[in-house]
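Chemist: With the input below, show me the fold.
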Amino acid sequence: MASSGGVGEAATWKPQEEGLREICGLLEQQMAPTSGDKSMIWQRLQHYSQFPDFNNYLAFIFARAEGISVEVRQAAGLLLKNNLRSAFETMPPANQQYIKSELLPCMGAADRHIRSTAGTIISTFVQIGGVAGWSELLHALVKCLDSNDVNHMEGAMDALSKICEDVPQLLDSDISGLPERPINAFLPRFLQLFQSPHTALRKLSLSSVNQYIMLMPRVLHLSMDKYLQGLFLLANDPAPEVRKLVCAAFVQLIEVRSAVLEPHLRNVIEYMLLVNKDTDDEVALEACEFWSAYCEAELPPENLREFLPRLIPILLSNMAYADDDESLVEAEEDGSLPDRDQDLKPHFHSSRFHGSEDVEDEDDDIVNVWNLRKCSAAALDFLSNVFGDEILPTLMPIVQSKLSATGDEAWKDREAAVLALGAIGEGCINGLYPHLSEIIAFLIPLLDDKFPLIRSISCWTLSRFSKYIVQGTAHQEGHDQFDKILMGLLRRILDDNKRVQEAACSAFATLEEEAAEELAPRLNIILQHLMLAFGKYQRRNLRIVYDALGTLADAVGGELNQPAYLEILMPPLIAKWQQLSNSDKDLFPLLECFTSIAQLAKALTHVSFLSSDIATNTRILGTGYRIFTVCSASVSEVDPVSAGAQYDKEFIVCCLDLLSGLAEGLGSGIESLVSQSNLRDLLLQCCNDDAYDVRQSSFALLGDLARVCPVHLHSRLAEFLDVSAKQLNTPKLKETVSVANNACWAIGELAMKFGLFGHAFMLLPQPENNGYLEICSAEQCVRKEMSPIVMTVISCLVPILQRPEGLNKSLIENSAITLGRLAWVCPELVSPHMEHFMQPWCIALSMIRDDIEKEDAFRGLCAMVRANPSGALNSLVFMCKAIASWHEIRSEDLHNEVCQVLNGYKQMLKNGAWEQCISALEPPVKDKLLKYQV
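Modeler: You can find the predicted model right below:
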């Protein structure tokens, strides 16, 4: 595709009529609802995209094409926007300049759809190339805002609002050639537009300013009073979208800049109480967020206390189902109707993570979407945790009134009251506890209520009291009540209503976690009900049953690994397995059920599980092998060349994690499976993948395999160590912290196996010698396999320990442990550098709980001190505190080593130096050191 002016001069570029006609025709065909093969049209457009000036044509069609519909022009603009993301870097500068020059006039187009699309493309340009290289843009935006033409003003604000949303920091940056930051010029104009008579301008300007609350540029800080005046001016705006943005501003301010609201707090609270009852649900929802935000910000409760008698009734009123709530329609669905594909929520698999991690609790998913009802319940939950029993005198009379309401027409009020009891179940437990038996006795019959949404919310509310229900089993009355709740939930698991099935399974899983061994005597009846659910449930709820089974096995441990129970459990699972192809997405929740728990994985090969049916035995004993082979085959798809198409990241991550589960569950039993596969090579490929999630799970599997079958990793050990170390040395460490965490842990596991215990497994079969050939001694293995990478890893770990701010707690712990393990393996390499990291390392060690990994780290500490005693002298106080962090060192030999280290320093430090060191320690630390005979 050529043009009359070539591609070198933007000013002279003109499209050829033939090419223009062809592209417009393709865009029209693509948009036509009755057009034929869309993929063929797309392929032809992709073919044209190979020409250097294709995007010029799109810009021309979008900006200038005469006689072309707005829809086709928009399509050209959106295709141009998408192309910019992939082609910008290789696009000739003249073409970039041409496209930019065509876009700027479109901000003032008469059609608002063209203006909006122009804003989207301009924002994309800015995201990719910044604003420094497009000085005309800033000038044009200011000129449009200062004009009296509404179209130009709205077009400029549309573009700016998108830039402020996508890359706000770019406008708050110093730009060469400009006397001030762009935001300094724009923000006063935004604030002025708060008074515009045009709704779109008020909305876009307020939205743009709100984007800077977190960044708080100097110009906004200095203009805060004017901003707040503008918010109060817009508080009663006739447009609900503007009122919603006012509420959003107050929510953000209370979260991150509460001090600026302090002088106006009473007025803000009064306003939020008012708009929490707004006739527009979206405004009311945004206002409702304020209460949770206030509580989460840990602001003084007394500022809110006097408003509770007015706030709590509003929240309770908003907790009743709205007439148009989609859950009302879903609640009427027959459980026997198959799920449609659009009914199935995507199965998001969380990558495997080694260590302590702050994970959001995903229960309490009592509605499908976030709405005013759920937000009000969350706010009540927060308030109960802040004010505790103080809210009960206001709350409980309303709850009791709603619960006592009779008649079918009052069922929504009754349901909201049950929801309220669950919402305060944690925060108000002290006040509720004396009456808990009565409350539970009241809730149990509601499990059989005629209204399915009352049955489902009763399941959830009972689960909120699970901890106290289980505690009550210590006496007979509580024991009987526990059985009633358990049987009630099991009945509801077999409910005909899908929504109730879901709530009952989730509630049962929560109860399982608390009840643990209390469930053991009831396993038979539990398994019978869960297996009946297998035959009854449709695809979506089957996933919840899988989760409940996994939780059950965790809760009862080895109790499940008995022939009678496995005969109930395994046949339906295997039957479900056989119904699914290896590529079926429904297979993976089932695989998680098989492999997420060690007990079940071991059961797959347990001899006591054998039945009299040889065919059944073969099928059952082969289940573990099939999981392995399916997952290994799927992992091979991480290579797009082998897969023949773009691989499914979620699929790969799930497979990697299931292989980790098998390694953990089968232990060394997985060795024969690994030896017959190319898993080692596939794993190395996954460790180098571009996707963070794939790498995170890959390093978790690497560490798990290092534990149970390290011999099969040996031939590519250097490559595994190298790629693991690279994850710790990246400028994007905070963004990829979970990847780094797992890689760090894997290095430690490899160090232990190949460094200290190399001799035990570095005996490989050599058929030509009719036996085994010893490859290397343990000492040689240390030198050959670990030494080249040790200092590289240490140089990555030390900065993590020295600057832990903003990093995951687990990465810090794993860094400390891995450093210690490397020091244990190669003390002569690490100890010369110990004075550079001893202090932060000891601080990190003191935060780790007692376990075998902490023992490894302290063995490394002792080994380094023996090799270089003077290296720790300046950090001796911190080392003593780290030693004192032990509750008890269970290993006798490590305890003795620590004693030797401390006594060595006591003998080394003469003339009162030891006493001076000890005097710097707090009394509790001194007391704990007594057990080490110093």
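Chemist: show me what contacts V500?
Modeler: 452, 455-456, 459, 492 (C-beta atoms under 8 Å, 6 or more residues apart in numbering). Placement of C-beta: from N, CA and C, glycine included.
Chemist: Show me which pair in those is furthest apart.
Modeler: P452 and C459 (10.8 Å; C-beta to C-beta).
Chemist: I'd like to know which of the contacts of V500 are part of helices.
Modeler: Residues of the contacts of V500 located in helices (DSSP state H): 452, 455-456, 459, 492.
Chemist: Most neighbours out of the contacts of V500, which is it?
Modeler: Sorting these by how many neighbours each has (other C-beta atoms under 10 Å) puts C459 first, at 32 neighbours.
Chemist: measure it to S466 for me?
Modeler: 11 Å (C-beta to C-beta, to the nearest Å).
Chemist: for P188, same thing?
Modeler: When C-beta to C-beta is applied, the distance between P188 and S466 equals 56 Å.
Chemist: Between those two, point out the one with more neighbours.
Modeler: S466 (21 against 13).
Chemist: pretty sure that one contacts A509?
Modeler: No - the criterion here is C-beta atoms under 8 Å, and S466 misses it with A509 at 9.9 Å.
Chemist: Run through the chain and note the low-pLDDT ranges.
Modeler: Low-confidence segments of the chain (pLDDT under 70): 1-11, 33-37, 333-368, 582-583, 592, 594-648, 665, 755-786.
Chemist: all strands of it, in order?
Modeler: Ranges of strands in the chain, per DSSP state E, are 763-766, 771-774.
Chemist: okay, now L523: neighbour count?
Modeler: Using other C-beta under 10 Å: L523 sits among 18 other residues.
Chemist: That should have said S135, apologies.
Modeler: Counted with other C-beta under 10 Å, S135 comes out at 13.
Chemist: now the one 3 residues further on
Modeler: When neighbours are defined as other C-beta under 10 Å, L138 has 17 of them.
Chemist: repeat for L822
Modeler: 27.
Chemist: dump the residue contacts of it.
Modeler: Listed by C-beta under 8 Å, 6+ apart, the contact set of L822 reads 747-748, 751, 755, 786, 790, 793-794, 830, 860.
Chemist: how about a cut-off of 6 Å?
Modeler: 751, 790, 830 (C-beta atoms under 6 Å, 6 or more residues apart in numbering).
Chemist: For these, give me a markdown table that also has neighbour count and distance to H714.
Modeler: As requested, these are exported to a markdown table (neighbours: other C-beta atoms under 10 Å; distance: C-beta to C-beta, whole Å):
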| residue | neighbour count | distance to H714 |
| --- | --- | --- |
| A751 | 28 | 14 |
| V790 | 21 | 17 |
| V830 | 25 | 23 |
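Chemist: what residue of this structure is the furthest out?
Modeler: N911 (55.9 Å; C-alpha atoms, centre = their mean).
Chemist: if I look at that one, how far off is Y905?
Modeler: For N911 relative to Y905 (C-beta to C-beta), the value is 14 Å.
Chemist: same deal with T473?
Modeler: Taken as C-beta to C-beta, the span from T473 to Y905 is 53 Å.
Chemist: neighbour-wise, which of these two wins?
Modeler: A count of neighbours by other C-beta under 10 Å puts Y905 above the other of T473 and Y905, at 20 against 16.
Chemist: That one - nearest residue in space that isn't next to it in sequence?
Modeler: Leaving out its chain neighbours, the residue that sits closest to Y905 by C-beta to C-beta, 6 or more residues apart in numbering is L876, at 6.3 Å.
Chemist: thinking that neighbour is in contact with C917, fair?
Modeler: Yes - using C-beta atoms under 6 Å, L876 is in contact with C917, at 5.3 Å.
Chemist: higher neighbour count, those two?
Modeler: L876 (21 against 17).
Chemist: Let me see the contact set for A297.
Modeler: By C-beta under 6 Å, 6+ apart, the residues touching A297 are 254-255, 258.
Chemist: So which of these wins on neighbours?
Modeler: I254 (25 neighbours).
Chemist: Which residues lie in contact with that one in this structure?
Modeler: 293-294, 297.
Chemist: One more pass at 7 Å, please.
Modeler: The contact partners of I254, by C-beta atoms under 7 Å, 6 or more residues apart in numbering, come to 261, 290, 293-294, 297.
Chemist: what's the distance between Q46 and Q96?
Modeler: 21 Å.
Chemist: One more: F588?
Modeler: Here the criterion is C-beta to C-beta. By it, F588 lies 44 Å from Q96.
Chemist: And for C144?
Modeler: Distance, C144 to Q96, using C-beta to C-beta: 21 Å.
Chemist: What of N903?
Modeler: Using C-beta to C-beta, N903 is found at 72 Å from Q96.
Chemist: out of the two, which sits in the more crowded spot?
Modeler: Per other C-beta under 10 Å, whichever of N903 and Q96 has more neighbours is Q96, with 19 against 13.
Chemist: didn't Q127 look like it was pressed against V167?
Modeler: Yes - using C-beta atoms under 7 Å, Q127 makes contact with V167 at a distance of 5.3 Å.
Chemist: And the contacts of stretch 271-289?
Modeler: The contact list for stretch 271-289, computed with C-beta under 7 Å, 6+ apart, reads 235, 240, 243-244, 247-248, 250-251, 290, 307, 310-311, 314, 318, 322, 371-372, 375-376, 379.
Chemist: same deal with stretch 713-731?
Modeler: Applying C-beta under 7 Å, 6+ apart, the external contacts of stretch 713-731 come out as 680, 684, 687-688, 695, 699, 702, 705-706, 736, 739-740, 743-744, 746-747, 750, 754, 785, 789, 792-793, 796-797.
Chemist: before we move on, back to that, buried subset of the contacts of I254 as a ChimeraX selection?
Modeler: Per 16 or more other C-beta atoms under 10 Å, the buried members of these correspond to this ChimeraX selection:
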select :261,290,293,294
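Chemist: Now for E426, how many residues are close by?
Modeler: 14.
Chemist: got it, and M487?
Modeler: Using other C-beta under 10 Å, the number of residues around M487 comes to 15.
Chemist: Nearest spatial neighbour of it, chain-adjacent residues omitted?
Modeler: In this structure, M487 finds its nearest non-sequential neighbour in I525, 7.9 Å apart by C-beta to C-beta, 6+ apart.
Chemist: Might one say that L315 is in contact with A379?
Modeler: Yes - at 5.7 Å, L315 and A379 qualify as touching, with contact defined as C-beta under 7 Å.
Chemist: Right, I'll leave it there.
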